[in-house]
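Fold the following.
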Amino acid sequence: MLDRLLAEAAQSPSAEICGLLFGDDTAISAAIACRNVAADPSIAFEIDPAALFAAHKAMRAGGPRVIGHYHSHPTGLAAPSAVDAAAAIGGELWLIIAGGEATLWRAKRDGTGLERFDRVPVSLTAPCAAAAASP
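Residues are numbered from 1 along each chain as shown. Now for the predicted structure:
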């Protein structure tokens, strides 16, 4: 799974890719690509609201649990940006891809910048296993 996301990001060197993460408190079981509908995808991402709505509707009907999302920083680092910190909702997982690497973060309810996130270990081989962390 992680190899696929890294390849997807490498194939989009000028626009941020994005998608949803599904799983539970111990593992990411799936990552589904979504269309980036941001006004300027070269510097930001916005998951297609229709895809987000459909994923949450399916979750409420017993489908897979949405636990966060992933996106790339084509010209940045694999770490949350100031824009990411401003958009973060406490408890969400943020998988950020840049420069051929991926890092996993859990958004906290408070803080600014990188203080808004806790780093979460991620396996570099499928299936993107994440250590348990409380929101």
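
Ignoring the adjacent residues along the chain, who's closest to residue 117?
Take residue 117 and drop its neighbours on the chain: the residue closest to it by CB to CB, 6 or more residues apart in numbering is residue 105, 4.0 Å away. No exception for glycine: its C-beta is placed from N, CA and C like everyone else's.

what about the helices in the protein?
Listed from the start of the chain, the chain has helices (DSSP state H) covering 2-10, 49-60, 82-87.

and of those, who's closest to residue 43?
Taking CB to CB as the measure, the helices of the chain were each checked against residue 43, and helix 82-87 came out nearest at 8.0 Å.

if we can go back for a sec, most tightly surrounded among the helices of the chain?
Mean neighbour count, computed with mean count of other CB atoms under 10 Å, is highest for helix 2-10 among the helices of the chain, reaching a mean of 17.

Put the alpha carbons of that helix into PDB.
Provided in PDB are the C-alpha atoms of helix 2-10 (Å, rounded to 0.1, in the frame of the first residue of the first chain):
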ATOM      1  CA  LEU A   2       2.700   2.500   1.000                       C
ATOM      2  CA  ASP A   3       4.700   1.700  -2.200                       C
ATOM      3  CA  ARG A   4       1.600   2.500  -4.200                       C
ATOM      4  CA  LEU A   5       1.200   5.900  -2.500                       C
ATOM      5  CA  LEU A   6       4.800   6.800  -2.900                       C
ATOM      6  CA  ALA A   7       4.600   5.900  -6.700                       C
ATOM      7  CA  GLU A   8       1.300   8.000  -7.000                       C
ATOM      8  CA  ALA A   9       3.100  11.000  -5.500                       C
ATOM      9  CA  ALA A  10       6.200  10.600  -7.700                       C
END
